[in-house]
Structure formats: structure tokens, C-alpha cells
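Q: predicted model and sequence follow; I will ask about them next.
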Amino acid sequence: MSSESEVKIEHASLNGQPVLRLHGHVDLHNSPQLRTALLVAAADMPTQLVLDLSGVEYMDSSGVGTMVYVKREVESRGQRLILLGLQPRVRSVLEITHLDRFFTIRDRIDDADGP
């Protein structure tokens with residue numbers, strides 16, 4: 001497996017808010033493992049799961065499907081999913097599919113508490 005098909009998750013904190021930073025490509029090869037890791041991490045977060053995607057330069061349809069699945073699961077637990085710092089290529093995929101209206105997308109962590 002090449003480094004391009006790997007995604008790394010880093011636990012971080014921005015302005016006192018727990019954040020998961022993703023790095024790499026989100027694709028068919030790693031989407032199942034990523035889904036599991038995100039749901040496990042969400043179980044430890046009381047109100048929202050914040051994903052910093054500024055380190056994700058590529059996301060294919062299986063990656064988008066993973067994000068949709070995680071959002072629905074998180075919301076079924078009474079939490080929110082917030083996506084931060086989308087790269088232009090990833091943002092474009094969400095805009096083309098109109099999922100930019102489905103997800104809560106913010107440019108910065110400071111914007112995460114808004115509607």
C-alpha cells in the first residue's frame with residue numbers, strides 16, 4: 001500500500017476543542033478503517049465530532065460515502081459532525097454533489113460553534 005492510499009488521524013485540540021486531523025487520501029482502500037476509527041473517536045466526544053480535513057488533498061466517492069455515514073451515526077447519538085479546512089479539490093467534490101448543504105462546513109475552528 002502506497003503512502004498515497006493511507007490516511008492518518010491525529011488527535012489535536014484547537015482553542016480547547018478536541019479535533020481529529022486527517023492527513024492523506026480518503027479513498028476506497030482506507031474508507032472502511034477510517035469509518036470505524038471516526039465512530040470510535042466520536043464515542044469519546046460529548047457534543048460534536050470536529051474533523052480538520054486541511055491535510056486531505058483527495059477524497060473519492062467512497063470517502064464521501066464514509067463521511068455521510070459517519071454524519072448520520074453521529075447525529076443519531078445527538079452529536080454534530082463539523083468539517084474544517086476543506087482543500088479546494090475536496091470542497092469541489094462536496095459542492096458538485098450538493099453535499100456542501102448536507103454537511104456543516106467551516107473554514108476555522110472559531111466558526112464551529114455557529115449554526
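A: Happy to help now that I have it.

Q: can you map out the strands along this structure?
A: Using DSSP state E, the strands of the chain run over 7-14, 17-26, 48-59, 80-84, 104-106.

Q: for the closest residue to residue 69 other than its chain neighbours, give me its contacts.
A: Leaving aside its chain neighbours, residue 69 sits nearest to residue 35 (6.0 Å; criterion: C-beta to C-beta, 6 or more residues apart in numbering). (C-beta placed from N, C-alpha, C; glycine too.) Residue 35 is in contact with 66, 69, 70, counting by C-beta atoms under 8 Å, 6 or more residues apart in numbering.

Q: among the residues you listed, name the buried ones.
A: By neighbour count, with 16 or more other C-beta atoms under 10 Å, those hold 66, 70 as buried.

Q: closest one to residue 92 out of the contacts of residue 35, please.
A: residue 66 (17.6 Å; C-beta to C-beta).

Q: retrieve the pLDDT associated with that closest one.
A: pLDDT for residue 66: 97.

Q: so it touches residue 29, yeah?
A: No: using C-beta atoms under 8 Å, residue 66 makes no contact with residue 29, being 11.8 Å away.

Q: residues touching the spatially most central residue of the chain, list them.
A: Against the mean C-alpha coordinate of the chain, by C-alpha atoms, centre = their mean, the closest residue is residue 51 at 4.2 Å. By C-beta under 8 Å, 6+ apart, the residues touching residue 51 are 19, 20, 21, 22, 38, 81, 82, 83, 84.

Q: my guess is the third one meets residue 14, correct?
A: No: in this structure, residue 21 is not within contact of residue 14 by C-beta under 8 Å, at 9.1 Å.

Q: now the common contact residues for these two.
A: residue 52.

Q: between those two, which one's more packed in?
A: Higher neighbour count among residue 21 and residue 14: residue 21, with 19 against 15, using other C-beta atoms under 10 Å.

Q: since that was my last question, I'll sign off now.
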